[in-house]
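S.K.: turn this into a structure:
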Amino acid sequence: MAVTDDRTFAGSIAEIYDRYLVPLIFDSYALDLTSRLVEANALDVLETAAGTGVLTRAIASRLPADARIVATDLNPMLDRARARQSQDGRIEWKQADALALPFENQSFDVVACQFGVMFFPEKVQGYREAWRVLKPGGRFHFNVWDRISENEFADTVTEALAAVFPHDPPRFLARTPHGYHDVECIRAELNAAGFSDLSVDAVDHRSKASSPHDPAIAYSQGTPLRREIEARDASSLRDATEKAAEALASRFGRRHREGRIRAFVITAIR
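M.R.: Residues are numbered from 1 along each chain as shown. Okay, here's the model as predicted:
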C-alpha cells in the first residue's frame, strides 16, 4: 500500500493532535527547550516546524519584552497556533519552509525546532539553513524521539494496530516520529551542514493519561496514522481506536496510566 504524506496534519487531525497529543507528550519537552533558550540569553528566536504552537507559547512565557520570536511552519496547523496565542507583539507568524528559509544570513540568536526535523525530506539541507540564519555563536536547539520501544504509549498503539491489520500494519509512528533516533547519524548530518560544536542529551519524561482512550485517540486520530488506518479500511477508525485503548488498558491499567517517553535533545552551536 502506498505511504501517505507523513508531513500533513490537517482538518480534524490537527484539532485532535492539539487537544490530546500536545498535553500527552509535547508540553514537558517544550519547557525543556525553552529553558535552554533562556540560558542562552536569546532575544532573536526563529522557530521552525512550529505546529500548533506548544513551543511558541512556552518561549513567549519566558523571554523578555524586547525579544523577537518568528514562528514558522508549512503546515496548516500554524493557523491554529496563531489563533491559540494571545495577542503578543513579539511574535511574528510566517509560513516558511525550513529547507528554504526566507531570512537573511546571521539573523537569529537561536533556531529552535520541537520534534520537527524527523519530517524534513532533506535533513542536511534543513540543518544548513539553520546554520545560515544563525549569528556566529548562535545555537540550534531541537529534539527528536528515541526509538519507538522507548516510548511506551506509541509502541503499544503501534502493536495493537498491527494486530488489527496483520497483513499491512500501519507504521507511521515507527517510521517517522520515531524513525530518526540514530545519534551518530544526526551528528554526521549536522557536521555536514557546518556544525561542529554539538551536544546530545537523552531526556526522559512520564506521559500521563486520564483514560486509556486519550492516548488511543491522540495517536490513532491526531496524527497521519489516521490516514493509514482509513486507507486500509475507511470504516475501521473507531474500531482500531478501541483496540488501541484496550491494549493500553491491558498494559498500563485503567487507573494511574503512565508511560515512559524518551527523546534526544540536541544543541548545535554555529
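S.K.: helix or strand: which one has the residue of the chain most remote from its centre?
M.R.: Using Cα atoms, centre = their mean, the residue of the chain lying farthest from its centre is His167. It sits 28.7 Å away. For His167, there is no host helix or strand (DSSP states H and E).
S.K.: please apply the same query to Arg227.
M.R.: Element membership of Arg227 [criterion: DSSP H and E] is helix 225-232.
S.K.: and that helix, what's its mean pLDDT?
M.R.: In this model, helix 225-232 has a mean pLDDT of 96.
S.K.: following that helix, which helix or strand shows up next?
M.R.: helix 237-252.
S.K.: and the contacts of that next one?
M.R.: By Cβ atoms under 8 Å, 6 or more residues apart in numbering, the residues outside helix 237-252 that reach it are 152-153, 156-157, 159-161, 163-165, 209, 211-213, 215-217, 219-221, 226, 229-230, 257-259. C-beta here means a position set from N, CA and C on the backbone, and glycine is covered the same way.
S.K.: now, of those, which are buried?
M.R.: Neighbour counting over those (16 or more other Cβ atoms under 10 Å) leaves 152-153, 156-157, 160-161, 164-165, 209, 212-213, 215-217, 219-221, 226, 229-230, 257, 259 as the buried ones.
S.K.: quick check: angle from the helix holding Arg227 to helix 237-252?
M.R.: Relative orientation of helix 225-232 versus helix 237-252 (axes from the mean of the first three to the mean of the last three Cα atoms, to 10 degrees): 120 degrees.
S.K.: elements contacting helix 225-232?
M.R.: Under the contact definition 3 or more Cβ pairs under 8 Å, 6 or more residues apart in numbering; DSSP states H and E, helix 225-232 sits against helix 152-164, helix 172-175, helix 213-221, helix 237-252.
S.K.: contacts for the first one?
M.R.: Identification of contacts with helix 152-164 by Cβ under 8 Å, 6+ apart yields 24-25, 145, 148-149, 169-171, 173-174, 177-178, 207, 209, 215-216, 219-220, 225, 229, 236, 239-240, 243-244, 246-248, 251-252, 259-261.
S.K.: one more time with 6 Å, if that's ok
M.R.: 148-149, 169-170, 173-174, 207, 215, 219, 240, 243-244, 247-248, 251, 259-260 (Cβ atoms under 6 Å, 6 or more residues apart in numbering).
S.K.: for ChimeraX, what selects the buried ones among these?
M.R.: Buried residues within those, by 16+ other Cβ under 10 Å, are selected in ChimeraX with:
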select :148,170,173,174,207,215,219,240,243,244,247,248,251,259
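S.K.: report pLDDT for the spatially most central residue of the chain.
M.R.: The centre of the chain sits closest to Phe115, judged by Cα atoms, centre = their mean, with a distance of 2.8 Å. On the pLDDT scale, Phe115 is placed at 98.
S.K.: next: Ala10.
M.R.: 58.
S.K.: quick one, which of the helices and strands packed on helix 225-232 is nearest to Phe119?
M.R.: helix 172-175 (11.1 Å; Cβ to Cβ).
S.K.: which residues in the stretch 1-150 of the chain form helices?
M.R.: 12-16, 27-39, 54-62, 77-84, 123-133 (DSSP state H, counting those that start in this stretch).
S.K.: I'd like to know which of those helices lies nearest to Cys185.
M.R.: Closest to Cys185 of the helices of the stretch 1-150 of the chain is helix 123-133 (Cβ to Cβ; 9.0 Å).
S.K.: on that earlier part again, switch the helices and strands packed on helix 225-232 over to a markdown table; also include distance to Val133.
M.R.: A markdown table is the format used below for the helices and strands packed on helix 225-232 (distance: least, Cβ to Cβ, whole Å):
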| stretch | distance to Val133 |
| --- | --- |
| helix 152-164 | 32 |
| helix 172-175 | 29 |
| helix 213-221 | 33 |
| helix 237-252 | 40 |
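S.K.: what pairs with the closest residue to Asn191 other than its chain neighbours across the strands?
M.R.: Leaving aside its chain neighbours, Asn191 sits nearest to Leu198 (7.8 Å; criterion: Cβ to Cβ, 6 or more residues apart in numbering). Bridge pairing for Leu198 (DSSP bridges) gives the partners Ala268.
S.K.: can you tell me how far Leu198 is from Gly116?
M.R.: Separation of Leu198 from Gly116 (Cβ to Cβ, to the nearest Å): 18 Å.
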